[in-house]
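Novice: Starting from these lines, generate the structure:
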Amino acid sequence: MKWMIVVFKFFASLKLAVVLLVALGIVFGAGTFIESSYGTDVAQVLVYRTPWLSFLLILLALNLLASALDRLPWKKKHVGFLTTHLGIILLLFGAFISQLFAIEGQLQIQEGKTETRMTLSDPLIQVVSVDSDQSWTFLIDRNVFPWTGKKELVSDKPSPLKVSLFTDYPKAKLIENIKKSETGSPALHVTLKGSMATSEQWLFLENPGRNSINLGPATIRFATEPLEISKEEKNELGKIKFQFENGTSDEIKLDSKSIGKKFPLEGTPYQVEVKRILKDSVVNGNQLAERSQASQVSGEMNPAVELLLEGEGLSEHHTIFPKFPEFPTLHGLKPSEAHVRITYEVSGFSNTTSKNELRFIYRSKGFPKYQIKHGNDLKEGEVELGKEIETGWMDFKFLVDSYLEHAAVTETYEPLSNSSQNTEALPIIQVEFEKGGEKKSVWLPQGEINHLSMGGSDYHVMYGLKTKPLGFQIELRDFMIETDPGTDRPASFKSEVVLKDPSRGIVRNQVIQMNEPLKHRGFKVYQSAYHVAQGEPDISIFTVARDPGNFLKYTGAIIMVGGILMLFYVKPLSTLKTSDPKLRNR
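Specialist: This next block holds a predicted model:
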């Protein structure tokens with residue numbers, strides 16, 4: 001019995017309270033530092049969701065409870081003290097419940113699609129048998145820093161494969177080692193550099209995914225066939241087309257002698273005089289002018305033709321751009337009074353990616369040749385290692401510093417820090433699969449499906465993240481972005497969704513935006529990000545969270561504040577009452 005009193009007094013002691021408060025202060029200070037340096041995920045794994053932090057919180061709750069019980073029998077002057085302790089205990093209990101049962105994940109929905117599962121941050125390996133469609137899941141402990149070693153992974157059910165984890169990089173960069181070999185594809189290393197951008201890449205002749213670089217308005221390619229300028233491309237001045245509302249149409253083919261000539265339009269009372277033909281127009285001092293070669297941007301040519309349309313008392317000046325066929329340019333942006341639609345077509349102009357190209361032509365003996373296509377101009381020469389050559393695209397030059405007749409490629413991965421903003425960073429693990437004495441070691445980038453053949457069987461293997469059903473459905477009906485006036489900068493974004501819960505007969509429309517989440521079944525769905533790409537459906541990204549400890553935490557905080565207020569008002573009153581002899585005798 002005596003030992004129970006000793007234990008109780010230990011838990012009720014002020015010394016234990018001071019030690020726990022100091023320890024928790026250090027822990028939360030370290031957590032704040034880790035979060036600011038490495039991010040919230042790292043702080044969650046290392047501090048906020050650890051068993052030892054839960055142990056400290058339980059000790060503090062026991063200390064507060066024992067301290068309150070040690071004051072028995074309670075008196076009126078203890079009301080503030082007891083209320084404050086009750087609030088803190090409820091707050092700590094709520095935090096403990098949150099640690100055990102709180103869920104937070106991500107939900108990505110494509111416009112027009114419906115999702116029912118959220119993605120958690122817990123990593124796993126999914127193995128699917130191609131022959132039987134059986135699947136096995138191997139859970140992985142979450143590592144927030146680069147890890148190497150050996151750890152056998154446990155499957156959710158008996159598996160024909162033994163799986164061991166050797167390397168886990170939360171962020172890594174692919175490193176290619178390219179060396180000369182006896183067999184393999186011809187390869188060259190090219191660098192394209194200019195004042196606006198620099199790009200370098202290995203090009204492999206026999207690899208369709210690695211034999212070219214698409215830089216938007218220009219392409220760099222390694223091929224066996226040389227470039228040729230077609231007859232259509234050589235007819236670079238194009239033609240003007242006229243389409244009248246009554247169905248009459250005509251066209252004028254342009255050449256260098258067209259300027260100043262007058263062309264009657266067949267079946268109409270009108271004629272056209274070609275005033276100017278601009279191969280690459282630009283506005284200069286409110287005037288349209290020919291852009292100088294030094295200021296031309298690769299692939300951004302902007303041809304234009306200026307003409308005078310006359311007839312039946314009408315005289316209209318028009319400037320027509322093939323790049324903007326629907327752009328009316330008559331005075332004040334008014335349409336033609338002749339009720340005609342005028343378009344300017346330049347052969348091959350719309351294919352901007354093929355207008356500018358740097359091509360390396362493979363030769364069985366010696367270094368490749370190069371060809372540079374700029375618009376409809378083509379020049380070529382011999383590749384010399386280390387020599388910079390002008391492309392004619394603004395100030396861009398290219399340089400080939402290595403050429404291998406046969407190249408072998410080996411891939412390794414270099415770990416990056418958690419705070420790295422490298423766009424090439426990806427989570428990746430190295431895993432060993434074993435079956436019947438046969439072993440294979442493979443790198444698995446997160447989100448990619450790999451094929452594995454072992455012991456006469458085929459498997460699909462994927463390193464991914466655990467998912468969890470929501471218990472209801474969310475359909476993204478429309479994603480909307482509002483921009484700052486006069487700019488393309490997003491000012492706000494929101495999603496119009498439909499909540500569907502068949503088990504409860506609920507179908508509800510709602511708009512989710514910042515500080516206005518969707519709430520259902522204890523979950524809160526917040527608008528957090530988005531992905532928008534031209535030609536692809538919009539994707540809205542939501543954060544989904546459920547915290548069953550919130551009610552206790554909020555309740556505890558309110559009670560604690562009430563207790564603190566009582567400490568200032570109830571205790572002085574009771575102390576005054578007992579210290580006054582007249583009051584004491586009542």
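Novice: buried ones in stretch 433-449?
Specialist: Buried residues in stretch 433-449, defined by neighbour count with 16 or more other Cβ atoms under 10 Å: 433-435, 443-445. Heads up, the C-betas are built off the backbone N, CA and C, glycines and all.
Novice: among those residues, which two are most distant?
Specialist: For the buried residues of stretch 433-449, the farthest-apart pair by Cβ to Cβ is K435 and P445; their separation is 22.5 Å.
Novice: Quick check: phi and psi at I389.
Specialist: The phi and psi values for I389, taken as degrees, to the nearest 10, are phi -130, psi 130.
Novice: ok, how many other residues are close to it?
Specialist: Neighbourhood size, I389 [other Cβ atoms under 10 Å]: 17.
Novice: Skipping its backbone neighbours, what lies nearest it in space?
Specialist: Excluding its sequence neighbours, the residue lying closest to I389 (Cβ to Cβ, 6 or more residues apart in numbering) is F398, at 5.7 Å.
Novice: So what's the residue count around the one you found?
Specialist: F398: 23 neighbours (other Cβ under 10 Å).
Novice: Do I have it right that it meets H189?
Specialist: No. Using Cβ atoms under 8 Å, F398 is not in contact with H189; the gap is 11.1 Å.
Novice: So which of the buried residues of stretch 433-449 are in strands?
Specialist: 433-435, 443-445 (DSSP state E).
Novice: With pLDDT and distance to D255 as new columns, can the residues you listed be given to me in CSV?
Specialist: As requested, these are arranged in CSV below (pLDDT from 0 to 100; distance: Cβ to Cβ, whole Å):
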residue, pLDDT, distance to D255
F433, 96, 68
E434, 95, 73
K435, 93, 72
W443, 94, 59
L444, 94, 61
P445, 93, 55
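Novice: Dump these into JSON lines; add distance to G456 as well.
Specialist: Formatted as JSON lines, these follow (distance: Cβ to Cβ, whole Å):
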{"residue": "F433", "distance to G456": "14"}
{"residue": "E434", "distance to G456": "15"}
{"residue": "K435", "distance to G456": "9"}
{"residue": "W443", "distance to G456": "24"}
{"residue": "L444", "distance to G456": "22"}
{"residue": "P445", "distance to G456": "27"}
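Novice: ok, so of those residues, who is nearest L237?
Specialist: P445 (50.2 Å).
Novice: in the sheet, who's paired with that closest one?
Specialist: I428 (DSSP bridges).
Novice: residue ranges of the helices in the stretch 401-550 of the chain, please?
Specialist: Along the stretch 401-550 of the chain, counting by DSSP state H, counting those that start in this stretch, helices occupy 550-579.
Novice: so where is it shaky, pLDDT-wise?
Specialist: Residue ranges of the stretch 401-550 of the chain with pLDDT under 70: 486.
Novice: so where do the strands sit in it?
Specialist: 426-435, 438-445, 449-454, 457-483, 490-501, 506-513, 518-520, 523-531, 539-546 (DSSP state E, counting those that start in this stretch).
Novice: what about the ones you listed, which gets the closest to E405?
Specialist: The nearest among the strands of the stretch 401-550 of the chain, by Cβ to Cβ, is strand 438-445 at 28.1 Å.
Novice: That closest one versus strand 457-483: what angle between them?
Specialist: 0 degrees (axes from the mean of the first three to the mean of the last three Cα atoms, to 10 degrees).
Novice: mind checking how far strand 438-445 is from the chain centre?
Specialist: The chain centroid and the centroid of strand 438-445 are separated by 27 Å, computed with Cα atoms, centre = their mean, to the nearest Å.
Novice: okay, it in CSV with CA atoms only?
Specialist: Provided in CSV are the C-alpha atoms of strand 438-445 (Å, rounded to 0.1, in the frame of the first residue of the first chain):
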residue,chain,number,x,y,z
GLU,A,438,16.6,-16.6,-58.4
LYS,A,439,17.2,-13.0,-57.4
LYS,A,440,16.6,-9.7,-59.3
SER,A,441,17.4,-6.2,-58.0
VAL,A,442,15.4,-3.3,-59.6
TRP,A,443,14.8,0.4,-59.1
LEU,A,444,11.2,1.4,-58.7
PRO,A,445,10.3,5.0,-59.3
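Novice: Other residues contacting that strand?
Specialist: Residues from elsewhere that reach strand 438-445, judged by Cβ atoms under 8 Å, 6 or more residues apart in numbering: 125, 166, 411, 413, 426-434, 450, 452, 454-455, 461-463.
Novice: Buried members of these into PyMOL, please.
Specialist: Buried residues within the contacts of strand 438-445, by 16+ other Cβ under 10 Å, are selected in PyMOL with:
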select buried, resi 125+413+426+427+428+429+430+431+433+434+452+454+461+462+463
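Novice: Which residue ranges of the stretch 151-300 of the chain form helices?
Specialist: Using DSSP H, counting those that start in this stretch, helices in the stretch 151-300 of the chain cover 231-234.
Novice: quick one, strands of it?
Specialist: Here the stretch 151-300 of the chain has its strands, by DSSP E, counting those that start in this stretch, at 162-193, 198-204, 212-214, 219-223, 239-244, 249-253, 262-264, 271-278, 281-284, 287-290.
Novice: Counting neighbours, which bits of the next helix or strand after the last one end up buried?
Specialist: Beyond strand 287-290 in the direction of the C-terminus, DSSP states H and E gives the next helix or strand as strand 304-311. Along strand 304-311, the positions that meet the burial threshold by neighbour count (16+ other Cβ under 10 Å) are 304-307, 309-310.
Novice: out of everything not next to it in sequence, what's closest to L452?
Specialist: In space, and not counting its chain neighbours, L452 is closest to Y459: 4.5 Å by Cβ to Cβ, 6+ apart.
Novice: On the strand side of things, show who the residue lying closest to R363 once chain neighbours are set aside bridges to.
Specialist: The shortest distance from R363 to any non-neighbouring residue, by Cβ to Cβ, 6+ apart, is to K369 (6.7 Å). For K369, the beta-bridge partners under DSSP bridges are I361, E382.
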